[in-house]
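Novice: sequence unavailable; structure follows:
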């Protein structure tokens, strides 16, 4: 479980680095978060930059929940939790690969990664339920 949390931290960092590295290629100056719509429609590099930025932000939006459910469920389910965590990680990699192709619809390549986060949520919910029931 700890190894998967470290791997996921590296993954999130790599996604962030890809945004920073591509910013110069696309010509999107700081502090702009995104190229505007008109620029992105007319310049493929700016569209790809926006996609890289969105992948990173989308990953960060769910990362805290992922880590909490991974670590909590890993206490009681030391095999299932890291397996589900790696499914989430590989799903994020597929999502990133598809989304940053320049065609955001290809993000569906990573949709199966939700098996990981929904599985971890289920295990964490089961732990909470079991704790409540055992205290009654």
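Specialist: Everything's here; your move. The model shown is predicted, which means the values in this text are computed figures rather than measured ones.
Novice: which residues touch residue 3?
Specialist: Going by C-beta atoms under 8 Å, 6 or more residues apart in numbering, residue 3 touches residue 82. For every residue, glycine as well, the C-beta is placed using N, CA and C.
Novice: now the longest helix seen in the chain: mean pLDDT?
Specialist: Criterion DSSP state H: the longest helix present in the chain is helix 44-76. What helix 44-76 shows for mean pLDDT is 97.
Novice: equivalent analysis for stretch 91-103, please.
Specialist: Per-residue pLDDT over stretch 91-103 has a mean of 92.
Novice: next, the buried residues of that stretch.
Specialist: Within stretch 91-103, the residues that qualify as buried are 91, 92, 93, 94, 95, 96, 98, 99, 100, counting by 16 or more other C-beta atoms under 10 Å.
Novice: I'd like those laid out as a markdown table, including distance to residue 129 and secondary structure.
Specialist: A markdown table is the format used below for the buried residues of stretch 91-103 (distance: C-beta to C-beta, whole Å; DSSP: H, G, I helix; E, B strand; the rest coil):
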| residue | distance to residue 129 | secondary structure |
| --- | --- | --- |
| 91 | 26 | helix |
| 92 | 28 | helix |
| 93 | 32 | helix |
| 94 | 31 | helix |
| 95 | 30 | helix |
| 96 | 34 | helix |
| 98 | 35 | helix |
| 99 | 35 | helix |
| 100 | 39 | coil |
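Novice: next one: the residue nearest in space to the middle of the chain from residue 76, what distance?
Specialist: Centrality entry for the chain: nearest residue to the mean C-alpha point is residue 59, 3.0 Å, by C-alpha atoms, centre = their mean. Residue 59 sits 26 Å away from residue 76, taking C-beta to C-beta, to the nearest Å as the criterion.
Novice: report the buried residues of the longest helix of the chain.
Specialist: Using 16+ other C-beta under 10 Å as the test for burial, helix 44-76 gives 45-56, 58-59, 63, 66-67, 69-74.
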